[in-house]
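let me see the structure of the following:
(one chain, ligands or ions: 2)
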Amino acid sequence: MAVYTHVPAEDMDRFLARYDVGSLVSAKGIAEGVENSNYLLETTQDRFILTLYEKRVDEADLPFFMDLLDHLAERGCRVPRFIGDRQGRKLQQLGGRPACLIEFLTGVSVTEPTAAQSRAAGIALGEMHRAAADFAGRRRNALDPAGWHDLATRCGADFDAIAPGLGERVRQELLWLDAHWPADLPSAVIHADLFPDNVLMLGDRVTGLIDFYFSCTDIRAYDLAVTHGAWCFAHDGSAYHADRGAALVAGYDVAFGLSEAEHIAFPALCRGAALRFLLTRAYDWINTPPDALVTRKDPLAFLRRLDFYAQATLPELLGR
Ligand SMILES: Nc1ncnc2c1ncn2[C@@H]1O[C@H](COP(=O)(O)OP(=O)(O)O)[C@@H](O)[C@H]1O
Ligand SMILES: N[C@@H](CCOP(=O)(O)O)C(=O)O
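Numbering: from 1, shown residues only. Ligands and ions are numbered 1, 2, ... in the order given. You can find the predicted model right below:
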């Protein structure tokens, strides 16, 4: 579920009246997603997404996301722009929360990607990196190696309630990553969460990249590593699909490509990406009450990915 803040129809009507987008025909809460409240609005003119920002998105970061999406859309990427009201204001207040009206993109997210869909995702990621190359905005990644240490400390003894020995495994992995995390790779604005549920598709065609709320400035090839972990495994992390890995990287190579140094660092980047999602999921697992309306995501699905990456060869990961 992802409607934390309920907005009465009258308030939505008043909200939409500030814009030149027609009047409200229907409003439906969107179940998918975990961070914000999202509604699909239909007006007499078009469809829109209404997002109310809950605790995890900092209002101060919204101008960065707005500028980034404008920049990418101007360069031909299929990303949803924020819509301005008649005064040009994109950020509003609704239901006591910061709120934005956002372009609706068609498509659906796949749950078990094929190799062809993984290739399309790799191309879309490479095109996004190409388009972002001259974007001047910057945003620090709070979930960088220092952030992983901080999260691990906050999970503390509770790791072992998720799985016996998990705390020690995390500590060992942090030590390994501290020693092997690449220092000199090119940094750029990255999506940082390009899971299949953040890619809209029709068949094998990407129709939209959404949910840029983790986007930040960090190692560019790390974005491909995050995407690799998200697209190339069985959902629970129990099996690696080498065909998807090869297709994803081949797609990325078509649109952008990895340097020799990025190739060499790729296994470490994949380990870091797997640990990052293990840690945020473990933190949420520990801190979300079992009766909360949001479904907790399984941290162990990323422990299995981590175990795979810790012993995988470079050709297995890249398909060559
Ligand atoms: N611009 C958009 N166009 C079409 N559907 C969207 C758009 N933005 C969000 N959605 C839908 O809303 C769902 C939740 O959005 P998302 O940004 O992933 O939420 P959260 O940030 O809460 O995780 C998506 O899975 C998708 O179905
Ligand atoms: N992709 C992350 C969770 C973030 O959720 P999103 O709905 O904002 O993409 C994970 O799978 O752990």
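
make it CA atoms for all contacts and neighbour counts henceforth
OK.

contacts only, for the residue nearest the centre of the chain.
Centroid-nearest residue in the chain, with C-alpha atoms, centre = their mean: residue 193, separated by 2.2 Å. By C-alpha atoms under 8 Å, 6 or more residues apart in numbering, residue 193 lies in contact with 211, 212, 214, 215, 223, 226, 227.

would you list those residues in CSV and tack on neighbour count, secondary structure and distance to residue 204?
Output for these, formatted as CSV (neighbours: other C-alpha atoms under 10 Å; DSSP: H, G, I helix; E, B strand; the rest coil; distance: C-alpha to C-alpha, whole Å):
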residue, neighbour count, secondary structure, distance to residue 204
211, 19, coil, 20
212, 19, coil, 22
214, 19, coil, 25
215, 22, coil, 25
223, 24, helix, 21
226, 23, helix, 20
227, 26, helix, 17
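
of those, which is the nearest to ligand 1?
Set against ligand 1, the nearest of those by C-alpha to the nearest ligand atom is residue 211 (4.0 Å).

does the top helix by length along the chain reach ligand 2?
Secondary structure of the chain per DSSP state H: the longest helix is helix 260-287. Yes: Helix 260-287 reaches ligand 2 (C-alpha under 6 Å from any ligand atom) through 277, 281.

what of stretch 142-155?
No: Stretch 142-155 lies out of reach of ligand 2 by C-alpha under 6 Å from any ligand atom, never closer than 12.1 Å.

poorly predicted segments of the protein, please.
Of all residues in the chain, those with pLDDT under 70 make up the ranges 1-2, 290-293.

change it to 90
Counting by pLDDT under 90, the chain shows low-confidence ranges at 1-6, 31-36, 54-56, 288-296, 320.

up against ligand 1, what does it have?
30, 32-36, 49, 80, 102-106, 197-198, 210-211.

show me those that map onto strands.
Counting by DSSP state E, these place 49, 102, 103 in strands.

can you pull the contacts of the first one?
Same thing as residue 49. If you count contacts by C-alpha under 8 Å, 6+ apart, residue 49 has them with 38, 39, 40, 41, 101, 102, 103, 104.

identify the bridge partners of it.
Beta-bridge partners for residue 49, by DSSP bridges, are residue 40, residue 102.

circling back: and ligand 2, which of the residues of the chain next to ligand 1 reach it?
33, 34, 35.

distance of the residue of the chain found nearest ligand 2 from residue 54?
Nearest residue of the chain to ligand 2, counting by C-alpha to the nearest ligand atom: residue 33, 4.0 Å away. For residue 33, the distance to residue 54 equals 12 Å [C-alpha to C-alpha, to the nearest Å].

the more surrounded of those two?
Higher neighbour count among residue 33 and residue 54: residue 54, with 19 against 16, using other C-alpha atoms under 10 Å.

just to check, that one is in contact with residue 97?
Yes: using C-alpha atoms under 8 Å, residue 54 makes contact with residue 97 at a distance of 7.0 Å.
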